[in-house]
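A.B. asks: Provide a 3D model corresponding to the input given below.
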Amino acid sequence: MKNQERYKRLIKLLFSLVLTGLIVAIYAFVWTYYFNDQMLQSPFFRRGNWLMIFLYGVLLAFFMKMYGGYKVGYLKKGNLIYSQILSVIFLNIFTYLQIAVLDKRFFSPVVIILMTFADAAAIVLWTLIFEKLYSWMYPPRRMLLVAGDRSDYHLLEKMNTREDKYEIRDVISYRKGFEKFTEKVRDFDGVIIGDMPSHDRNLILKYCYEKNIRTYAVPKISDILLKSSDELNLFDSPLFLSRNGGLTIEQEAAKRVLDLILALTAAVVTLPFFAVIALAVKLTDRGPVFYTQTRLTKNGKPFEIYKFRTMIQNAEAVSGARLAAEKDPRILPVVGTLLRRTRLDELPQIYNILKGDMSIVGPRPERPELAAEIEKEIPEFSYRLKVKAGLTGYAQVYGKYNTTSYDKLKLDLTYIRNYSMLLDLKLILMTPKIMLMKESTEGVKE
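C.D. replies: Numbers count the residues shown, from 1 in each chain. From the prediction side, this is the model:
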């Protein structure tokens with residue numbers, strides 16, 4: 001396996017090139033023998049055809065890169081195929097509109113739909129074949145988990161969901177001592193380092209580096225702050241400069257302009273959705289359509305968040321404030337489940353963004369009482385409030401609804417510390433993918 005490891009990147013590149021080639025070839029055929037022949041304006045000739053095909057290939061690579069369509073061996077098989085098909089759907093919609101602009105008319109969408117089905121068939125066939133080959137070449141790594149003081153149950157549970165990639169063969173506490181670790185690690189392909197004191201972690205990291213043992217380390221809050229610091233070389237010793245004031249004035253102004261432009265556009269485009277959803281909620285139990293709740297935004301400022309109601313009326317009168325659980329009986333049948341699964345219940349927050357309470361991208365706003373409870377265990381949880389709360393964000397895209405508060409904090413800090421307009425746009429483009437993924441909206445376990 002170690003001999004094959006050096007070729008892994010080349011093998012993944014081969015997968016990406018063949019997949020791209022198959023999809024581009026399908027488009028080249030459809031463009032050359034249908035769309036170009038049907039052009040009423042000026043049909044394209046050789047160089048024009050090559051240009052259209054090349055442009056399609058570039059856009060395909062962009063969407064695949066954005067949604068993770070090339071991440072073979074990293075994403076689960078189902079997630080990988082879903083990412084690829086979603087990329088092709090968005091690309092083909094864009095291409096259809098592009099051709100309509102070129103010819104100043106709309107073609108029948110039947111051909112582009114059939115082309116999308118052909119793309120999907122090629123994607124599923126090639127990905128399944130390659131995944132089979134890849135899993136044979138690279139079987140799951142035999143891993144040793146070095147447990148820390150903080151419970152590693154969630155980490156263990158998450159790693160076990162990827163039996164195709166990792167196989168945790170044994171667990172040892174760092175408290176057993178460094179010598180015990182060095183004796184055990186010889187029989188494993190890699191080490192997972194849990195949340196433990198820095199001194200013990202450093203010993204393990206340095207030993208694994210020296211022995212060429214792959215390591216996966218759980219970052220601490222301080223690790224995220226250091227990683228996103230600026231490197232200075234003012235003296236003969238390198239320094240890390242950590243600026244801790246949140247976003248700059250220029251970043252906040254640019255972010256607000258982007259919020260207003262996109263929120264105003266969304267407010268107009270989503271009006272039909274508002275009407276249909278409002279009617280569905282009203283017909284379910286004749287109760288109110290909207291639901292307001294106090295949440296926290298930048299600097300701990302409370303505000304009233306707007307949502308479509310997805311639970312029974314007065315849902316917390318008995319249960320009190322708590323997160324929704326799996327198969328929660330308080331959720332409205334059908335419409336409530338659908339709205340929560342697709343996150344369409346959060347559409348009214350467009351108006352929170354217009355008011356300035358929220359941003360399109362940022363940490364999800366927590367309720368004051370829940371935040372207070374979390375901060376008793378994790379005092380750093382308030383660090384998330386250095387920026388405005390967001391409709392979508394880093395933790396929403398890369399985490400789940402039931403991701404632990406500690407992990408949400410790490411994800412949100414990663415966003416705040418690495419903020420850029422480009423990152424905001426990337427997270428906005430990534431949001432449609434996670435809206436239809438069940439694992440990103442599932443409730444917390446009882």
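
A.B. asks: in this structure, where is pLDDT below threshold?
C.D. replies: For the chain, applying pLDDT under 70 flags the ranges 1-5, 40-43, 151-153, 315-328, 401-402, 438-446.

A.B. asks: so what are the domain limits for it?
C.D. replies: Following automatic domain parsing, one gets these domains for the chain: 2-137, 141-218, 249-314+321-440.

A.B. asks: so which of those domains is the most packed in?
C.D. replies: Each of the domains of the chain was assessed for mean neighbour count using mean count of other Cβ atoms under 10 Å. The highest is domain 249-314+321-440, with a mean of 17. From N, CA and C alone the C-beta is placed, and that goes for glycine too.

A.B. asks: quick one on the thing from earlier: make TSV out of the domains of the chain and add distance to Lys227.
C.D. replies: Putting those into TSV (distance: least, Cβ to Cβ, whole Å) gives the following:
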stretch	distance to Lys227
domain 2-137	21
domain 141-218	12
domain 249-314+321-440	8
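
A.B. asks: closest one to Asp230 among these?
C.D. replies: domain 249-314+321-440 (10.9 Å; Cβ to Cβ).

A.B. asks: which of the residues in the helix or strand Ser222 falls within are classified as buried?
C.D. replies: Using DSSP states H and E, the element containing Ser222 is helix 221-227. For helix 221-227, the neighbour count (16 or more other Cβ atoms under 10 Å) marks Ile224, Leu225 as buried.

A.B. asks: which helices and strands does it pack with?
C.D. replies: Judged by 3 or more Cβ pairs under 8 Å, 6 or more residues apart in numbering; DSSP states H and E, the packing partners of helix 221-227 are helix 405-417.

A.B. asks: check which helices and strands the helix it packs on sits against.
C.D. replies: Using 3+ Cβ pairs under 8 Å, 6+ apart, helix 405-417 sits against helix 221-227, helix 394-398.

A.B. asks: contacts made by the helix or strand following it with the rest, please.
C.D. replies: Next in sequence after helix 405-417, counting helices and strands by DSSP H and E, comes helix 421-435. The contact list for helix 421-435 (Cβ atoms under 8 Å, 6 or more residues apart in numbering) reads 66-67, 82-83, 86, 90, 251, 254-255, 258, 262, 342-344, 360-361, 392-394, 396-397, 415, 440.

A.B. asks: and these, which of them are in strands?
C.D. replies: Within the contacts of helix 421-435, residues falling in strands by DSSP state E are Ile360, Val361, Thr392.

A.B. asks: out of these, who's nearest Ser228?
C.D. replies: Among the ones in strands among the contacts of helix 421-435, Val361 lies closest to Ser228 (Cβ to Cβ), at 16.8 Å.

A.B. asks: and that closest one, what does it touch?
C.D. replies: Counted by Cβ under 8 Å, 6+ apart, Val361 has contacts Lys255, Gly390, Leu391, Thr392, Gly393, Tyr394, Tyr415, Leu423, Asp424, Leu427, Ile428.

A.B. asks: equivalent analysis for Val397, please.
C.D. replies: By Cβ under 8 Å, 6+ apart, the contact set of Val397 is Leu427, Met430, Thr431, Ile434.

A.B. asks: how near is the closest residue to it other than its chain neighbours to Ser83?
C.D. replies: Nearest non-adjacent residue to Val397, counting by Cβ to Cβ, 6 or more residues apart in numbering: Met430, 4.8 Å away. Distance, Met430 to Ser83, using Cβ to Cβ, to the nearest Å: 10 Å.

A.B. asks: any shared contact partners between those two?
C.D. replies: Counting by Cβ under 8 Å, 6+ apart, the shared contacts of Met430 and Ser83 are Tyr67.

A.B. asks: can you list contacts of stretch 53-70?
C.D. replies: Contacts to stretch 53-70, defined as Cβ under 8 Å, 6+ apart, come from residues 12, 15-16, 19-20, 23-24, 27-28, 31, 74-75, 79-80, 83-84, 86-88, 90-91, 94-95, 426, 429-430, 433.

A.B. asks: and with 6 Å instead?
C.D. replies: Stretch 53-70 is contacted from outside by 16, 23-24, 27-28, 75, 83-84, 86-87, 90-91, 429, 433, using Cβ atoms under 6 Å, 6 or more residues apart in numbering.
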